[in-house]
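Chemist: Got a sequence here, can you build the structure:
(chains A and B)
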Amino acid sequence: MRRRIGIDVGGTNTDAVLLEGDRVLQAVKTPTTADVLTGVKLALQGVAPAIGSAGVQGVMIGTTHFVNAVVQRRDLAPVGALRIGLPAAATLPPFCDWPDDLAAIVRGQVHMVEGGHDYDGRPIMPLDERAIAAAAREMRAAGISCVSVSAIFSPLDPAMELRAAEIVRQEVPGAAITLSHELGRIGLLERENVTLLNAALAPLAAHTVRAFELALAETGIAAPLYITQNDGTVIRAELAARFPVLSFASGPTNSMRGAAFLTGVMDALVVDVGGTTSDLGALKAGFPREANAVVRVGGVRTLFRMPDLLSIGLGGGSHVVAQADGRVAIGPRSVGFRLPQLARVFGGPQLTTSDAAVRLGMLGLGDPARVADLDPDFARAVLVEAARMLEDATDRMKTEAAAVPLLAVGGGAFLVPEALPGISEVLRPAHAAVANAVGAAIAQVSGETDQVFQGLTRAEALREAERIARARAAEAGAEPNSLLLVDVEDLPIAYLPGGALRVRARVVGEIASD
Amino acid sequence: MRELDLDEIEALAVGAWVLGTGGGGSPYLGLLNMRRLYAEGHRVSLMPPEDLADDDLVAVVSNMGAPLVGQERLTDSHNIARAVTLMEEYLGRPFRAIMSVEIGGNNGIQPLMAAAHLGKPVVDADAMGRAYPEAQMTSFAVADLKPWPLSLVDPRGVEGIVAKVPSWKWMERLSRKMCVEVGSIAATCKAPRTGAEVKAWGIPHTTTQAIALGQAIRLAQREHRDPIQAILDAEDGLLIFRGKVADISRRTTEGFLRGTAKLDGLDRWRGSGLELAFQNEWAVGWLDGVARVMTPDLICVLDSVTGEAIGTETLRYGQRVTVVALRAPKVFLSPRGLEFVGPRAFGYDLDFVSVFDEPAPGGQMP
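Modeler: Numbers count the residues shown, from 1 in each chain, chains lettered A, B, ... in the order given. Got it, this is the predicted structure:
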């Protein structure tokens, strides 16, 4: 029986579960600590006694540590940005659409040199290697060791980014170099933005992954360490340390996948009702549907593998206001984590959705006597309005007319009614409190391609895209024989002659057992 | 003539994207250039076409190419400015002002970039009133004005002139080949126009229209009002359909993105379906199998919540969208205008009927 440990390092709590097959053997919740290490160690110690002599095949950690660093503007390193593509795009240099406060922290140096490719694979200009060496020496002189390299059309031909990395490595020994073709899609600014964020997080990622490894060693657990990614799959820890941006959305992703696993329902909508917002996602074959558009992270436009999420201002702490016309308005303001001080049932001044639920006996929280004066019809109207908001949100996330199941998790899940139009059934998984850690524990390995193919038939292009995706998955730690094609999409490109086709392919498989 | 402030240019980017009717490329990169140029102290003035003298010479600019290539090579404001000065060198005459060939999409911003660098005003007019996929789909072609010369610029120092062609179709063929050769993106200055020609055949005040449209959408978003109603009010437009994307298929033929999108109705259209055909831009919409709205009426597909335009390249399965129609410029409603941009110009065997001239089906008030 395969045994795995899944750990979720959130902003508040660090959760761990021990999974055997599809059974949760042990689950613990501990506070997240400032040094990360202590919290992870405590969580591991919580599940360690249940491991016994059988051992575990892997430890999977999901963390929101890196995205929080960007949002809170902390622990970010100054980056040397190297753009390859002159004379094109000269007036829109790296950082040109960043929020000022974040750019002020991350923008170490900006260098633009000649090179890059056209859509048909021809170089825009020959690569200016001397200019790259000069830029690298300037970075070294300024003490910059985190470097981002982005070349025009590098997803088609990464050769110039790879050569630039060699040159930078010679001039800046020990530099942490991020190459844009390893992360992003077509769309230079958005791909470059992801690359810059990744470079800025390199020291924090290295430090954090070391702390995870140390926690494992000090707990005496000898198993390979994996970090979960935005798409619900994992990569080996040493690779994850190089690509912290790939774990930005692992929190909601793991929560969704955990809910699917715990209910056994693989195609469903998932709603995670927290204190301030309800976050909705869609699962297809157990994986979150991907956002196909620009996603802002800390105010920066990015385009890479991220789940399609919808947040609405409905949570257990949302303010409730009676409108002049007799209708009820909920949120978006919320008492958030101060619910135990500010909600009416705790003697606070603010009427919240939780107060209405307590009044109707649907929720045991605080002192029900403090809301005894609340008109039950009004309390019912609050729950009706919450249901209306959820009906609208679930309908917006649906991609088919048929009714689909809804998986409800999170502390505010009492707001989700038993029946909603367009929803076949509402399921509330057991162990929902540690759904994130379960989602981490069940993660698989993936590989992805996104590039433009020319001079191939459509069938040939699709085959080639799948071949590249499989090679990437194997490199990331997948068992090659277990790989399945889970997603393939092709888009003909307007104006380009010769049947140019942009193909995205993704494969997923089990972790190799070496 | 008056100076534009940056807030108006931000609104222009939003409005131009709606007038792009699904194509024309996002104005975002042009907007980034304008923010930088304004931060550097450049300013752009907007000139009513009525202020042009008959013998003034006007540069008609456009950034040609594939939107996807534009996402990688981006937009550099110097290129479009160079296309203008190259044409001046070729003609041996200076331009009085600069205008866009198409207000819809990324080209709605292009003349502003050239104007900022060259210190010339932008004429408040264009030759499409929206976006169209081909060079001959302009009011100037409808008027049978001279299609040549054209200048084309690539930042590697590649500069070309198409000195003479016998027709607009030939201009499209030659300039398209040159554009593909330099990477499927190029800054171009089309056949220069006199002040008299712009006044007679330009589509007037479309920059002002796009700014007003963008301002209405931005204001509605800020005040949490329905931005789509704001569009309908600002443009005297018609709500055609609200629904969810049920299917989208795309193919490239002859260098264009063609295909269809099927929408399943929501709200009062529940049970109905709208099928939209496109060639880069939305061309025809069939409501339950009956042609309901067609080019040259503007067909705009908008995000039902934000009111922002959605392009034919980015529309995807499951999106909730609202389709509205805006009025076509009069020049395209004549029999000759319809030859250039009516449904038959896009290969649909339909007689043009404006959605603004017929009652809504089923006796409903539109």
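Chemist: switch to C-alpha atoms for all contacts and neighbour counts from now on
Modeler: OK.
Chemist: Quick one: the helices in the chain, in order.
Modeler: You didn't say which chain, so I picked chain A. When assigned using DSSP state H, the helices of chain A occupy the ranges A:37-47, A:65-71, A:100-106, A:129-141, A:159-171, A:188-219, A:237-240, A:250-263, A:339-342, A:353-359, A:376-397, A:435-441, A:458-475.
Chemist: oops, chain B please
Modeler: B:6-19, B:28-39, B:67-73, B:77-91, B:110-118, B:139-142, B:168-181, B:195-201, B:206-222, B:227-235, B:335-341.
Chemist: got the angle between the second one and helix A:188-219?
Modeler: In terms of direction (axes from the mean of the first three to the mean of the last three CA atoms, to 10 degrees), helix B:28-39 departs from helix A:188-219 by 100 degrees.
Chemist: Dump helix B:28-39 to CSV, restricted to CA.
Modeler: Output in CSV follows, covering the C-alpha atoms of helix B:28-39 (Å, rounded to 0.1, in the frame of the first residue of the first chain):
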residue,chain,number,x,y,z
TYR,B,28,-2.8,47.5,-23.9
LEU,B,29,0.8,47.7,-25.3
GLY,B,30,0.0,51.0,-27.1
LEU,B,31,-1.4,52.3,-23.8
LEU,B,32,1.8,51.4,-21.9
ASN,B,33,3.8,53.4,-24.5
MET,B,34,1.5,56.4,-24.1
ARG,B,35,1.9,56.3,-20.3
ARG,B,36,5.6,56.3,-20.7
LEU,B,37,5.5,59.1,-23.3
TYR,B,38,3.3,61.2,-21.1
ALA,B,39,5.5,60.6,-18.1
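Chemist: now for that helix, which elements pack on it?
Modeler: helix B:6-19, helix B:110-118 (3 or more CA pairs under 8 Å, 6 or more residues apart in numbering or on different chains; DSSP states H and E).
Chemist: could I get the ones you listed as JSON lines with mean neighbour count, distance to residue B:153 and mean pLDDT?
Modeler: As requested, these are arranged in JSON lines below (neighbours: other CA atoms under 10 Å in any protein chain shown; distance: least, CA to CA, whole Å; pLDDT from 0 to 100):
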{"stretch": "helix B:6-19", "mean neighbour count": "25", "distance to residue B:153": "24", "mean pLDDT": "96"}
{"stretch": "helix B:110-118", "mean neighbour count": "26", "distance to residue B:153": "13", "mean pLDDT": "98"}
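Chemist: isn't residue A:99 right up against residue A:300?
Modeler: Yes - counting by CA atoms under 8 Å, residue A:300 is a contact partner of residue A:99 at 7.0 Å.
Chemist: Comparing these two, which shows the higher neighbour count?
Modeler: For residue A:99 versus residue A:300, neighbours defined as other CA atoms under 10 Å in any protein chain shown are more numerous around residue A:300 (21 against 13).
Chemist: Now do the same contact list for that one.
Modeler: Applying CA atoms under 8 Å, 6 or more residues apart in numbering or on different chains to residue A:300 gives the contacts A:97, A:98, A:99, A:193.
Chemist: Tell me which ones among the residues you listed also neighbour chain B, please.
Modeler: residue A:97 (CA under 8 Å from any CA of the partner chain).
Chemist: which two from the contacts of residue A:300 end up farthest apart in space?
Modeler: The span of the contacts of residue A:300, defined through CA to CA, is set by A:99 and A:193 at 11.6 Å.
Chemist: So which residues on chain B come close to chain A?
Modeler: B:32-33, B:65-69, B:71-77, B:155-156, B:180, B:183-184, B:246, B:250-257, B:280, B:317-320.
Chemist: and residue A:161, what does it touch?
Modeler: A:84, A:149, A:150, A:151, A:154, A:179, A:180, A:181.
Chemist: What residues does the stretch 101-250 of chain A have near chain B?
Modeler: Listed as neighbours of chain B in the stretch 101-250 of chain A under the rule CA under 8 Å from any CA: A:118, A:119, A:120, A:152, A:153, A:186, A:187, A:188, A:189.
Chemist: In this structure the second one contacts residue A:153, no?
Modeler: Yes - Residue A:119 is within contact range of residue A:153, at 6.6 Å (criterion: CA under 8 Å).
Chemist: Could you export the helices and strands packed on helix B:28-39 to JSON lines, including columns for distance to residue B:46?
Modeler: Listed next are those as JSON lines, based on distance: least, CA to CA, whole Å:
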{"stretch": "helix B:6-19", "distance to residue B:46": "11"}
{"stretch": "helix B:110-118", "distance to residue B:46": "9"}
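Chemist: that older thread, please pick the buried ones from the residues of chain B next to chain A.
Modeler: B:32-33, B:65-69, B:71-77, B:155, B:180, B:183-184, B:246, B:250-253, B:255-257, B:280, B:317-320 (16 or more other CA atoms under 10 Å in any protein chain shown).
Chemist: ok so, going back, for the contacts of residue A:300, which single residue is the most surrounded?
Modeler: residue A:193 (25 neighbours).
Chemist: For that residue, give me its contacts.
Modeler: A:94, A:95, A:300, A:301, A:302.
Chemist: I figured the fourth one hits residue A:294, correct?
Modeler: This points to residue A:301. Yes - using CA under 8 Å, residue A:301 makes contact with residue A:294 at a distance of 6.1 Å.
Chemist: shared neighbours, the two?
Modeler: Common contacts of residue A:301 and residue A:294 (CA under 8 Å, 6+ apart): residue A:190.
Chemist: Looking at those two, which one has more neighbours?
Modeler: residue A:301 (19 against 13).
Chemist: For the more buried one, report the pLDDT, please.
Modeler: Reported pLDDT at residue A:301 in the predicted model: 93.
Chemist: ok, residue B:322 touching residue B:308?
Modeler: No - checked against CA under 8 Å, the pair residue B:322 and residue B:308 is beyond contact range at 10.0 Å.
Chemist: Find residues that contact each of those two.
Modeler: Residues touching both residue B:322 and residue B:308 by CA under 8 Å, 6+ apart: residue B:302.
Chemist: Which pLDDT does the model give residue A:1?
Modeler: 56.
Chemist: quick revisit: between the helices of chain B, which gets the lowest average pLDDT?
Modeler: Going by mean pLDDT, the lowest-scoring of the helices of chain B is helix B:67-73, which has a mean of 87.
Chemist: Packing partners of that helix?
Modeler: Counting by 3+ CA pairs under 8 Å, 6+ apart, helix B:67-73 packs on helix A:188-219.
Chemist: Give me the neighbour count for the closest residue to residue B:174 other than its chain neighbours.
Modeler: Nearest residue to residue B:174, sequence neighbours excluded (CA to CA, 6 or more residues apart in numbering or on different chains): residue B:162, at 7.7 Å. By other CA under 10 Å, the residues close to residue B:162 number 17.
Chemist: thinking again about what came up before, quick one: which of the contacts of residue A:161 is most hemmed in?
Modeler: Of these, with other CA under 10 Å as the count, residue A:151 tops at 32 neighbours.
Chemist: So what sits opposite it in the bridge?
Modeler: Beta-bridge pairing for residue A:151 (DSSP bridges): residue A:84.
Chemist: now it: how far from residue A:184?
Modeler: 11 Å (CA to CA, to the nearest Å).
Chemist: In JSON lines: the helices of chain A, plus mean pLDDT.
Modeler: Below are those laid out as JSON lines (pLDDT from 0 to 100):
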{"stretch": "helix A:37-47", "mean pLDDT": "91"}
{"stretch": "helix A:65-71", "mean pLDDT": "86"}
{"stretch": "helix A:100-106", "mean pLDDT": "96"}
{"stretch": "helix A:129-141", "mean pLDDT": "98"}
{"stretch": "helix A:159-171", "mean pLDDT": "96"}
{"stretch": "helix A:188-219", "mean pLDDT": "95"}
{"stretch": "helix A:237-240", "mean pLDDT": "86"}
{"stretch": "helix A:250-263", "mean pLDDT": "89"}
{"stretch": "helix A:339-342", "mean pLDDT": "86"}
{"stretch": "helix A:353-359", "mean pLDDT": "95"}
{"stretch": "helix A:376-397", "mean pLDDT": "91"}
{"stretch": "helix A:435-441", "mean pLDDT": "90"}
{"stretch": "helix A:458-475", "mean pLDDT": "91"}
